[in-house]
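Colleague: what's the 3D shape of this:
(4 chains)
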2 protein chains.
Amino acid sequence: MTFPDARLPLYQRLRDDLAGRITRHEWRPGESIPSEAELASAHGVAVGTVRKAIDQLVAEGVLERQHGRGTFVRRAQFNSSLFRFFRFQSEQGERRVPESHILRRETMAAPSAAASALRLPEGTPLIFLSRLRLLGGEPVLAEEIWLEQVRFDALLRLEPSDFGDLLYPLYEERCGQVVISAEETLSVEVASPLQARLLRLEPQSPLIVIERLAFDLERRPIEWRRSRGPANRFRYHVEIH
Amino acid sequence: MTFPDARLPLYQRLRDDLAGRITRHEWRPGESIPSEAELASAHGVAVGTVRKAIDQLVAEGVLERQHGRGTFVRRAQFNSSLFRFFRFQSEQGERRVPESHILRRETMAAPSAAASALRLPEGTPLIFLSRLRLLGGEPVLAEEIWLEQVRFDALLRLEPSDFGDLLYPLYEERCGQVVISAEETLSVEVASPLQARLLRLEPQSPLIVIERLAFDLERRPIEWRRSRGPANRFRYHVEIH
DNA sequence: AAGTGGTCTAGACCACAGC
DNA sequence: CTGTGGTCTAGACCACTTC
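Modeller: Here you go, the predicted model:
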């Protein structure tokens, strides 16, 4: 339980309260939350204040309004921009989801880079995943993923072959962790012999490197990953506002 | 003059009205707009409605509220994410603005790629600019830029040496065109002999290619540019929501 | 003290969905 | 017809800036 700062505006505390109840699965993705009038009377505030709190969560992509029907918890948005970097090569629409193979799954004490990214003390127990992703049989991404062990414990009790092709649905269903935003940093480097063999490239081929830090509803970083793929089949699209 | 659809909500029409007055330079960047109470009585609506219109423009980055002082037209935001791809090499903060040299400035009939990006009929008169950008004397970006001639006419009456290092302030001051959002597409290609010489690289070096389509207040595309730089000194940071 | 934006309330009326 | 979200109003009170 966090201490809601009483000096924060009402609608802010309400937003955090609702976000918490979604995190705690009081309302599940796809379900509707109580009506604005109900929430208002339950919290003893005006409807306008409830609307302002909901407005925020809608803007964050957590809730979705449907005129005349209600307000719903959004399901993980697998067509959203969070998945954009899968758009390797095939620019012609039809974003295919690459198949995934878990190569390694281990626990480790947080190395300094992962610890500082995830804002955890160095040495915190983490889960480390190594994944290879393929499109039409060809490797397109080699991924290294770090997760805080206490949050993602459930992943250790699952067969790596049962992980499926997408992690975020797994995070949501098995671990109750919802990703709603992320920061990515792109750069280009040259393939090491190891990476080259994994991606079936010639050594010294240019690689695109995507570092991603993913955040949950409470705006805490919960996943850090570093993905590498062949630079020549790469396209990346962003909207800047 | 556009026809405001009377079926649109009041606050939407108000938003468009305010956006238009900013475009037409009734209020200039850095200046304050009338107070919410004034706008409300001038338009014969409630203050809440004015606030909702202003909220939108604030979210779009056009206006900026200052508690107790007023609401201001934002100046072109040169530290904003629109300028992020200047962050070549020096990751350690201090984003320096590269110096710019205009290599070519011509008028041309819109080629099909530029026409379709800018959503203009093929053959529309355009201005074409070619720029080289340097950091500490070293070339970091070679840019090709296409602009609709009727909007950017003023650029033809200016000495290329007087363009300065940033184009968007120029667009704003000389042409009354304000960029508030953009889409970018990144890819990697291999330097042609020409590009290699321009960027002082060995031929066949990997290049990062950034295509940018920039939009104005009315959400119309007004600039299309393609920039190329050495891939190895490149870093790109995005927030995904 | 006067003027500005920020929060919050209470309620009217409209538009859409679903029975 | 009922319940839901969407728009709009009118006004109280607060917090910050400026003079």
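
Colleague: what about A:Thr107, distance to DNA strand D?
Modeller: 43 Å (C-beta to the nearest atom of the strand, to the nearest Å). C-betas here are computed from N, CA, C, even on glycine.

Colleague: Repeat that for A:Gln66.
Modeller: 6 Å.

Colleague: Leaving out sequence neighbours, find the closest residue to the spatially most central residue of chain A.
Modeller: The residue lying closest to the centre of chain A (C-alpha atoms, centre = their mean) is A:Val179, at 3.4 Å. Nearest residue to A:Val179 in three dimensions, chain neighbours excluded: A:Ala214, at 4.6 Å (C-beta to C-beta, 6 or more residues apart in numbering or on different chains).

Colleague: pretty sure A:Leu132 is in a strand, no?
Modeller: Yes: per DSSP: H, G, I helix; E, B strand; the rest coil, A:Leu132 lies within a strand segment.

Colleague: Leaving out chain neighbours, which residue sits closest to it?
Modeller: Closest residue in space to A:Leu132, ignoring its immediate chain neighbours: A:His101 at 4.8 Å, by C-beta to C-beta, 6+ apart.

Colleague: OK, contacts around the one you found?
Modeller: A:131-134 (C-beta atoms under 8 Å, 6 or more residues apart in numbering or on different chains).

Colleague: Which one (most neighbours) among those?
Modeller: A:Arg131 (22 neighbours; other C-beta atoms under 10 Å in any protein chain shown).

Colleague: mind checking how far that residue is from A:Glu143?
Modeller: Look at A:Arg131 and A:Glu143: by C-beta to C-beta, to the nearest Å, they are 4 Å apart.

Colleague: Check A:Arg151 too.
Modeller: A:Arg151 is 19 Å from A:Glu143, by C-beta to C-beta.

Colleague: Between the two, point out the one with more neighbours.
Modeller: Neighbours per residue (other C-beta under 10 Å) separate A:Arg151 from A:Glu143, with A:Glu143 holding more: 20 against 17.

Colleague: Put the alpha carbons of stretch A:159-168 into PDB.
Modeller: The C-alpha coordinates for stretch A:159-168 follow below in PDB (Å, rounded to 0.1, in the frame of the first residue of the first chain):
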ATOM      1  CA  GLU A 159       7.900 -24.700 -19.300                       C
ATOM      2  CA  PRO A 160       9.900 -22.500 -21.700                       C
ATOM      3  CA  SER A 161       8.300 -24.200 -24.600                       C
ATOM      4  CA  ASP A 162       4.900 -23.000 -23.300                       C
ATOM      5  CA  PHE A 163       5.900 -19.400 -23.400                       C
ATOM      6  CA  GLY A 164       4.300 -18.700 -26.700                       C
ATOM      7  CA  ASP A 165       5.200 -16.000 -29.200                       C
ATOM      8  CA  LEU A 166       4.400 -12.900 -27.200                       C
ATOM      9  CA  LEU A 167       5.600 -12.100 -23.700                       C
ATOM     10  CA  TYR A 168       3.300  -9.300 -22.700                       C
END
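
Colleague: in it, what's buried?
Modeller: A:163, A:167-168 (16 or more other C-beta atoms under 10 Å in any protein chain shown).

Colleague: just stretch A:54-67 next, same as before
Modeller: A:54, A:56-57, A:60, A:62-64.
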